[in-house]
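S.K.: how does the following fold in three dimensions:
(chains A, B, C and D)
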4 protein chains.
Amino acid sequence: MKNVPLKGIIAYPITPFDKNEKVDIKLYKKLVERLVKSGSHGIAPLGSTGVLPYLTDDEKEAITEVTLQQVNGRLPVMVGVSNLTTERTIYHAKFAEKVGANAVMIIPMSYWKLTDDEIVQHYDKVASSISVPIMAYNNPATGGVDMSPKLLKRLLEIPNVTMIKESSGDVQRMHFLRKELGEEVAFFNGSNPLALAAFAAGATGWCTAAPNLIPKLNIELYNAIKNNNLVEAQEKFYKQLELLQFIVSKGLPRSIKAGLTILNEDGGYLRSPLKEMNQLEIEKLTDILSKI
Amino acid sequence: MKNVPLKGIIAYPITPFDKNEKVDIKLYKKLVERLVKSGSHGIAPLGSTGVLPYLTDDEKEAITEVTLQQVNGRLPVMVGVSNLTTERTIYHAKFAEKVGANAVMIIPMSYWKLTDDEIVQHYDKVASSISVPIMAYNNPATGGVDMSPKLLKRLLEIPNVTMIKESSGDVQRMHFLRKELGEEVAFFNGSNPLALAAFAAGATGWCTAAPNLIPKLNIELYNAIKNNNLVEAQEKFYKQLELLQFIVSKGLPRSIKAGLTILNEDGGYLRSPLKEMNQLEIEKLTDILSKI
Amino acid sequence: MKNVPLKGIIAYPITPFDKNEKVDIKLYKKLVERLVKSGSHGIAPLGSTGVLPYLTDDEKEAITEVTLQQVNGRLPVMVGVSNLTTERTIYHAKFAEKVGANAVMIIPMSYWKLTDDEIVQHYDKVASSISVPIMAYNNPATGGVDMSPKLLKRLLEIPNVTMIKESSGDVQRMHFLRKELGEEVAFFNGSNPLALAAFAAGATGWCTAAPNLIPKLNIELYNAIKNNNLVEAQEKFYKQLELLQFIVSKGLPRSIKAGLTILNEDGGYLRSPLKEMNQLEIEKLTDILSKI
Amino acid sequence: MKNVPLKGIIAYPITPFDKNEKVDIKLYKKLVERLVKSGSHGIAPLGSTGVLPYLTDDEKEAITEVTLQQVNGRLPVMVGVSNLTTERTIYHAKFAEKVGANAVMIIPMSYWKLTDDEIVQHYDKVASSISVPIMAYNNPATGGVDMSPKLLKRLLEIPNVTMIKESSGDVQRMHFLRKELGEEVAFFNGSNPLALAAFAAGATGWCTAAPNLIPKLNIELYNAIKNNNLVEAQEKFYKQLELLQFIVSKGLPRSIKAGLTILNEDGGYLRSPLKEMNQLEIEKLTDILSKI
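M.R.: Below you'll find the model as predicted:
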């Protein structure tokens, strides 16, 4: 696999806010440091978990810069640069490259449903503006557009689109990618409850917010797969499955923030309209975490 | 119905761009003037048709101001002020009120799925910041969140949320609203191919981009309903149905722009990633318009 | 419209069973007589309401014969003859014709998804075996196959397939049929909560089990439409909507049986695995009926 | 796992017909013998592949008897006994037990959507009428009812319901079963393209028609899993995936019949309305088989 700087457990930090709903940069740096030290294999700021679409351009730039400073080359960093317009996507992709990102991730955020040709042109224009590799990200549940495996295959023909992140929750999409594109395709799983099925299907890595809460189990699952030990992978997967399902069903920013509090870590505040978990949900999460 | 400044055919202008993908204000004013003169009963800038989410804050403010100047009290104006964050939604709602909007329209744009409580709080915070009435807009296909009829009922308990726009394409949602809330509820149809079914169900108005192309037929349908003449309403509806289906299936900004060109009107350019219709689609649209 | 013996309110009787889950022919005759006297415009035994698929061949034949005897030419009778195999469908269609049915209704019951060609051949073989007109019935929720409007259009090219019953719950399917096939197409609505929208779209009739419980309102809705009085149709529709929604959501055989009991009529027993409504559901239905 | 007579590759024979669409018993015996000799670990007549719902009661009994005679104890035999009514399901279950079946498989065939309570009672009544273990089969695509994991859990509380077959195509259902019910639950995969993901999730076996065409690859996949060799399992899976996807998308009876012809085996005829594959499909299947 050429031009694929990522593999294994790619950890997604949340973007914490202060009481006045301003980005809390100091706390953010602390949370990134935790992830680097957790043993994860990459850091991915400004993902869905990092509430990218809720931030201003200035905030996005600040988060990008401070992540690269904090990680400081210890791990590869992939920055989310998705935007509704092509012009703004190019702008943020160039900024990420300039300050040292190893890769950028792009989901075709859509309000108006984009045609396949519009999506290809969108990626093509961004790709030709930068040199770092791009991960094309499919997540119909958040982005609003569902890129078919055939469209993903087209995107991979763009020179620096070298990675696919599949979050549609359908393992058969991954089968298609692998079958069509061979062992050289670098596809990543973005659907937490599919972690085992995706690795079984041959995924290169797992893009996940879970290392904010349970990094050890996430990494042990990956290692079991690397060691061709399915029995152990199964065991590690079923230990963490309930947590993975819970954080997905309740929303990642809300869940990670609540989980950090339960673990006696500061997770800051959320930005409206996103609200904190209610008491019942917090109790459920406390119970799940205590059993792990 | 109290505090409901709109009824009948509410016309949605597109936001045209120049060659460099900058908003073309001069052309926009011309397009608004066409709609006012078309006989429509209200003007709604910065809707989905007006590519609200693809505009910067400055562009939104300019469009808002210029619409009110151009309409100049001849018709009620409802301004779209939706935003992912509550803070920005309040900002734009206040701006619209300040420059004279008769109402604002808000769709709960979502990246992370919002809970019902989050949505209610979002509307509540905006509503308590302004005095003009609010139209709550449900459109899962573009906004990404589907507000149940029960949630819409909750929203209507907020004093200045007085109107509902339903674009889910399910006429049974409208039945529910009418049955639950009685004849006093002001619900508007936002799904063009449901125009007849919605009026039959008792809709107060129809929010549509179609008056950019076929204002006469739109208004004749409404008048037939007002005259309790279902036979005539059917006839007027089936005459325009193919166009309504086409512009929805191809995307409103793309379709209206192409339709204006076919009618020898300048519709400007689109902003990337949105692209012009292809030749085949333009031919189809030409054929549909020629038969009307 | 040629060869279309039905219009207006087509009433579907239930098939009642005795305590031992045997068909209760005597009670069935009484229920059919009630429907004939109710003012409905046609009678349709062996529909979904009549639990066709749960009956043996002998039971189907008995129900067919006894319906025609009881109706005795007072109203047109359309008999359900659907079966998984083509051979059995032909058998029952011929039987229905022999004993005097005015039409037969056929839904392409599927276990294995049928291709469009298989469905066309299925109808074609049955149609060429009989002379009475056929109503092609689309109901993906019970039959398991969803016939596209385009496929329905193909079926209408078979000489004695002259009627379509649409129960997909999507009014736009009806718009398509009318637009493609013109005013001469006889399409019937089979989705109770869409009764008003379907008549507004131009439906020739409404296939419904509701006349077992509220025949007067059903017929008043139809008459208002015939009189081009949309305002009155709306009023009549909203009066019965809650009942229509309830009987659909709870299943027609269960609901009609319970409703008959509430109205002090004997509805007999159900055949397992179908079970009676629970007490809470019966109370809800009692409440709905008492308000009408 | 108690009372679980099956594991590994459970092979489903087709039911072949002669030119006049009568069951061809002689050919059926030959096809069963092929499956026994193929190395499969169990034989399952009268499944979806065996077109159970298209057969008369007499035909079902003949197929049941002849299967047990032909297998003659060499492998466990599980007979499909599903029927729309509870009475007929009991009848066929008792018959299967009487002639020596090791287990029966039951899908809750539904025309009217069954409530959870109705489904539980249906299984309960059948289970209490026989002593052999029951596999509860979930396949919304053919059976028309989708049993939730929670309902499946309830069914497993019935003493001789000891096995679950999941064909919903959602690997997360299997995760739920395993997590809720522990390692002792015997769940089987019925969705061919999920074969690898299901085994990775801990499935006890794979219910499949594929051994009619590619028994060696099916068994090699299972053996790799048994040997905890995920790398080899992946390799074996991707070799057969295209075939698995093809036979599912085109319908199993049609596909297996065509595949047998391509392999120079007699597969007999289909019963209407099911039709042979067209030439293009046969060529595609020939190509897929030739590459294996």
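S.K.: dump the helix or strand encompassing A:Asn223 to PDB, restricted to CA.
M.R.: Taking DSSP states H and E as the definition, one finds A:Asn223 inside helix A:215-226. Output in PDB follows, covering the C-alpha atoms of helix A:215-226 (Å, rounded to 0.1, in the frame of the first residue of the first chain):
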ATOM      1  CA  PRO A 215      -7.700   2.200  24.700                       C
ATOM      2  CA  LYS A 216      -6.300  -1.000  26.100                       C
ATOM      3  CA  LEU A 217      -9.100  -3.200  24.800                       C
ATOM      4  CA  ASN A 218      -9.100  -1.400  21.400                       C
ATOM      5  CA  ILE A 219      -5.400  -2.100  20.900                       C
ATOM      6  CA  GLU A 220      -5.700  -5.700  22.200                       C
ATOM      7  CA  LEU A 221      -8.400  -6.400  19.600                       C
ATOM      8  CA  TYR A 222      -6.100  -5.100  16.900                       C
ATOM      9  CA  ASN A 223      -3.100  -7.100  18.200                       C
ATOM     10  CA  ALA A 224      -5.100 -10.300  18.300                       C
ATOM     11  CA  ILE A 225      -6.000  -9.800  14.600                       C
ATOM     12  CA  LYS A 226      -2.400  -9.100  13.800                       C
END
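S.K.: helix or strand right after that helix?
M.R.: Next element after helix A:215-226 (DSSP H and E): helix A:230-250.
S.K.: following that following helix, which helix or strand comes up?
M.R.: Downstream of helix A:230-250 (by DSSP H and E), the next one is helix A:252-262.
S.K.: what helices or strands is that following helix leaning on?
M.R.: The helices and strands touching helix A:252-262, judged by 3 or more C-beta pairs under 8 Å, 6 or more residues apart in numbering or on different chains; DSSP states H and E, are helix A:230-250, helix A:279-291. To be clear about C-beta, it is placed using only N, CA and C from the backbone, and glycine gets the same treatment.
S.K.: report the central residue of chain A.
M.R.: Centroid-nearest residue in chain A: A:Cys207, 4.5 Å away (criterion: C-alpha atoms, centre = their mean).
S.K.: do the helix or strand it falls within and chain D meet?
M.R.: Taking DSSP H and E as the criterion, A:Cys207 maps to strand A:205-208. No - using C-beta under 8 Å from any C-beta of the partner chain, strand A:205-208 stays clear of chain D, with a minimum separation of 14.3 Å.
S.K.: outside of that strand, which residues touch it?
M.R.: The contact list for strand A:205-208 (C-beta atoms under 8 Å, 6 or more residues apart in numbering or on different chains) reads A:6-12, A:41-42, A:44, A:47, A:165, A:167, A:186, A:188-190, A:192, A:195, A:198-199, A:218, A:222.
S.K.: residue ranges with poor pLDDT in chain A?
M.R.: When residues are selected by pLDDT under 70, those of chain A lie in A:1, A:143.
S.K.: interface residues of it facing chain D?
M.R.: Going by C-beta under 8 Å from any C-beta, the residues of chain A near chain D are A:169, A:171-172, A:175, A:178-179, A:193-194, A:196-197, A:200-202, A:225, A:228-231, A:233-234, A:238, A:241-242.
S.K.: buried subset of the residues you listed as a PyMOL selection?
M.R.: Remark: buried members of those, expressed as a PyMOL selection using 16 or more other C-beta atoms under 10 Å in any protein chain shown:
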select buried, chain A and resi 169+171+172+175+178+179+193+194+196+197+200+201+202+225+229+230+233+234+238+241+242
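S.K.: how about the strands in chain A?
M.R.: A:8-11, A:42-43, A:78-80, A:103-106, A:134-138, A:161-166, A:186-189, A:205-208 (DSSP state E).
S.K.: elements contacting the third one?
M.R.: The criterion is 3+ C-beta pairs under 8 Å, 6+ apart, and the helices and strands that strand A:78-80 contacts are strand A:103-106.
S.K.: does the strand it packs on reach chain B?
M.R.: No - Strand A:103-106 is not in contact with chain B by C-beta under 8 Å from any C-beta; minimum separation 11.2 Å.
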